[in-house]
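Q: Provide a 3D model corresponding to the input given below.
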Amino acid sequence: MLLKKIFAPKNHRIILVLTAFILYGNTLTNGYGLDDEFVTGPDNITSKGIKAIPRIFRTYHVNDESGNMYEYRPIVKVTFALQHQLFGLNIMAGHFINVLLYAICLLVLLRLFKLLFKEYPPFIIFSAVFIFAILPIHTEVVASLKNRDILLCFIFSILGFISIAKYTETKKILFILPAIISFGLAFLSKFDVFPFLVLVPLILLKRGSLKVKLIVGIILMFIVSFYSYKVAKHFLLDRSVAQVRTFNYFESPLYFERDVMLRVSATFNSLGFYIKMLIFPTKMASYYGYNTISVYSFTSFFALLGLAGFAGMAYVFFKRFKKPDLLWYGIVFFGLSISMYLNFAMPAPGIVADRFAFFASTGFSLIAVYFLFYYRNNPKANISFADLKPYQKMIPGIFLVLFSFLIVMRNKEWKNKYVLFEADAKKYPESVKLALLTTSQLIINISDPNKAKEMTEGEKIRKIREAEQILKRSIQTDSSCGGCYNNLSYMYLTFERQPAEALPYLKLAYKRDTTKKEVICNIGIAYFRLGQVDLAKKYLKLAILHDTKGDFSVPYEVLQDLYTRTNPSEGVKFLKEKLDQGIQPELMNVLIGKTFFEARDTLNSIYYYKAALQINPNNSNVADFITKLEIKFNKKAW
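A: From the prediction side, this is the model:
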């Protein structure tokens with residue numbers, strides 16, 4: 001009786017919202033995760049609040065440190081700009097909003113299923129959405145701030161579907177505009193809405209609420225939404241900046257292969273991966289990529305599972321086409337939604353990803369409900385929890401406990417970047433991308449005095465040595481990984497103080513990319529530490545030439561040190577030339593002042609430090625140093 005009251009239809013929405021916050025409440029204390037800097041953080045344009053909104057519509061979604069600029073998803077960044085306007089750079093607020101959006105996803109999905117499957121009991125519809133809510137494969141979408149694009153796209157896509165369903169049912173044109181707007185906003189959030197072009201008319205056609213002649217009307221609505229996105233992108237996006245996205249082999253070999261059979265094998269392996277991860281979600285990772293999943297084999301576990309899954313879905317689709325049931329609808333939802341990410345039409349970044357299954361898992365939930373409640377059973381019009389057989393209660397209960405545990409534990413792994421990357425790299429030591437992410441974050445943590453305090457010297461040494469082995473293994477897997485060479489050389493150069501060991505890896509990194517200023521600069525530093533001054537100057541100055549943004553300070557700082565040790569007057573001349581050219585004037589004044597200070601010329605040193613302070617009066621370090629210099633100078637004069 002108590003359970004019957006709890007699971008009464010009037011409580012379904014409350015249960016779903018509570019489920020979202022219970023399962024993902026522990027994400028609220030997490031920090032930033034993989035690629036969150038694309039949408040939030042102190043250096044992102046969204047940090048300026050609502051003032052940034054006009055610029056958001058003029059810029060690409062992604063603008064990373066490698067010079068990649070791609071995708072147009074302004075609605076996502078607008079939500080972050082509004083968030084920052086209201087709460088500042090509060091990471092907890094960002095995670096709370098993600099969980100709230102997930103709860104909204106559940107509510108709109110419940111509304112859609114109720115609208116589409118009116119002949120099914122409310123308990124069955126609720127169960128489908130509840131299964132969707134507790135799938136561990138969703139943790140990447142909810143726990144990652146960057147993946148808010150999927151949450152928003154899902155909400156708008158489902159709202160668009162609901163509007164079209166209401167239009168076809170009532171023939172009221174007032175639902176047309178909301179449908180167009182919803183799908184337009186979905187496109188401006190992410191392109192996962194695209195399969196709805198086929199999904200919506202096919203589902204409504206089989207539900208009997210759509211005549212063939214209305215299919216054209218629905219497709220036209222969808223096209224209007226798509227071209228609303230295209231028009232916004234064409235007229236608002238800054239066309240002076242070209243879209244650039246460079247892929248690496250370790251992300252997916254499919255970007256570099258054109259063999260059709262390779263695409264076919266990748267399709268079956270990808271499908272098998274998603275089927276397995278939806279049913280048995282073990283070894284979830286923030287990134288997979290080359291060598292974590294086979295793309296060349298037709299006999300791997302994932303390929304065979306994918307082939308069996310494809311055959312089964314094809315059989316059910318055609319067998320039950322005339323009399324569709326929940327199983328048929330589940331297969332249609334799943335198959336069409338996942339088709340974008342099966343690597344056949346085009347490669348997917350990382351080959352596979354947990355987030356790619358978010359839309360498709362709506363179909364999986366319907367399939368699960370069918371096998372739990374309707375397999376070998378005739379549907380009851382009034383079926384409720386009390387009507388279920390013992391095994392129908394026990395199996396969902398076991399999965400609820402298991403899946404809830406997996407979600408909570410996976411959320412903990414999203415605590416911050418290093419915890420996430422380290423955990424995932426242990427699951428997939430063969431992943432070059434995870435090795436690169438883990439070692440890059442380790443370098444950042446050890447280089448940061450505050451974060452470095454959290455590790456003992458012994459831990460630092462152990463982690464550095466482990467990272468070196470990981471990178472060497474990754475280089476054997478993919479010899480084209482320039483980042484692996486750079487990270488390994490940086491560790492030898494900076495942490496191990498072994499420039500001779502670092503130099504060969506630096507040269508290999510430079511061979512991969514002769515324009516990367518950080519690599520060129522590190523070659524110069526290595527030569528400087530080896531006492532080869534002329535070569536050091538050559539590469540340090542070359543790094544400056546490749547500093548297109550004009551904000552790279554390291555080569556100037558190293559050159560100042562080099563000139564101070566070898567020829568201070570030449571160093572002052574070089575720095576003054578840069579100062580006259582207007583290059584980083586604050587830094588140039590500080591370095592010139594430092595050169596004079598180290599040459600014991602206190603008066604000139606004070607002069608240039610004061611010039612730097614005039615440019616940036618908030619530089620307290622320079623102000624304090626000037627005070628010390630003036631005290632010292634006055635004592636000398638006295």
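
Q: in the stretch 1-150 of the chain, which spans are strands?
A: 62-63, 69-70 (DSSP state E, counting those that start in this stretch).

Q: for Tyr391, which of the ones you listed is the nearest?
A: Nearest to Tyr391 among the strands of the stretch 1-150 of the chain is strand 62-63; the distance by CB to CB comes to 47.8 Å. C-beta coordinates here come from the backbone N, C-alpha and C atoms, glycine included.

Q: packing partners of that closest one?
A: With contacts taken as 3 or more CB pairs under 8 Å, 6 or more residues apart in numbering; DSSP states H and E, strand 62-63 sits against strand 69-70.

Q: now the strand it packs on: average pLDDT?
A: Mean per-residue pLDDT for strand 69-70: 78.

Q: mean neighbour count, the strands of the stretch 1-150 of the chain: which tops it?
A: strand 62-63 (a mean of 18; mean count of other CB atoms under 10 Å).

Q: just the element for the spatially closest residue to Leu579 that is not a sequence neighbour, please.
A: Closest residue in space to Leu579, ignoring its immediate chain neighbours: Met588 at 4.0 Å, by CB to CB, 6 or more residues apart in numbering. Secondary structure assignment for Met588, by DSSP states H and E: helix 585-598.

Q: and the next element down the chain from that helix?
A: helix 602-615.

Q: contacts made by that next one with the rest, please.
A: Contact with helix 602-615 is made by 585-587, 589-590, 592-594, 596-597, 619, 622-623, 625-626, 629-630, 632-633, 636, as judged by CB atoms under 8 Å, 6 or more residues apart in numbering.

Q: just stretch 94-107 next, same as before
A: With contacts defined as CB under 8 Å, 6+ apart, stretch 94-107 is touched by 13, 16-17, 19-21, 24-25, 27-28, 30, 40, 79-80, 83, 129, 132-133, 138, 141-145, 147-148, 151-152, 154-155, 158.

Q: which of the residues you listed fall within helices?
A: 13, 16-17, 19-21, 24, 79-80, 83, 129, 132-133, 141-143, 148, 151-152, 154-155, 158 (DSSP state H).

Q: what subset of those is buried?
A: Buried members of the ones in helices among the contacts of stretch 94-107, scored by 16 or more other CB atoms under 10 Å, are 13, 16-17, 19-20, 24, 79-80, 83, 129, 132-133, 141-143, 148, 151-152, 154-155, 158.

Q: quick revisit: quick one, the helix holding Met588 and helix 602-615 angle?
A: Between the axis of helix 585-598 and that of helix 602-615 there is an angle of 160 degrees, by axes from the mean of the first three to the mean of the last three CA atoms, to 10 degrees.

Q: Leu436: how many residues sit nearby?
A: 26 (other CB atoms under 10 Å).

Q: my guess is it contacts Cys484. True?
A: Yes - Leu436 is within contact range of Cys484, at 6.0 Å (criterion: CB atoms under 8 Å).

Q: show me where the stretch 451-600 of the chain has helices.
A: In the stretch 451-600 of the chain, the helices defined using DSSP state H, counting those that start in this stretch lie at 457-477, 482-490, 499-512, 517-529, 533-545, 554-566, 568-580, 585-598.

Q: could you do the stretch 301-450 of the chain as well?
A: Along the stretch 301-450 of the chain, the segments classed as helices by DSSP H, counting those that start in this stretch run 301-319, 326-338, 361-369, 390-413, 417-427, 432-447, 449-452.

Q: closest to Pro122 out of those?
A: Of all the helices of the stretch 301-450 of the chain, it is helix 361-369 that lies closest to Pro122, at 12.6 Å by CB to CB.

Q: list the contacts of Asn30.
A: When contacts are counted by CB under 8 Å, 6+ apart, Asn30 touches Ile91, His95, Ala143, Asn411, Trp414, Lys415, Asn416.
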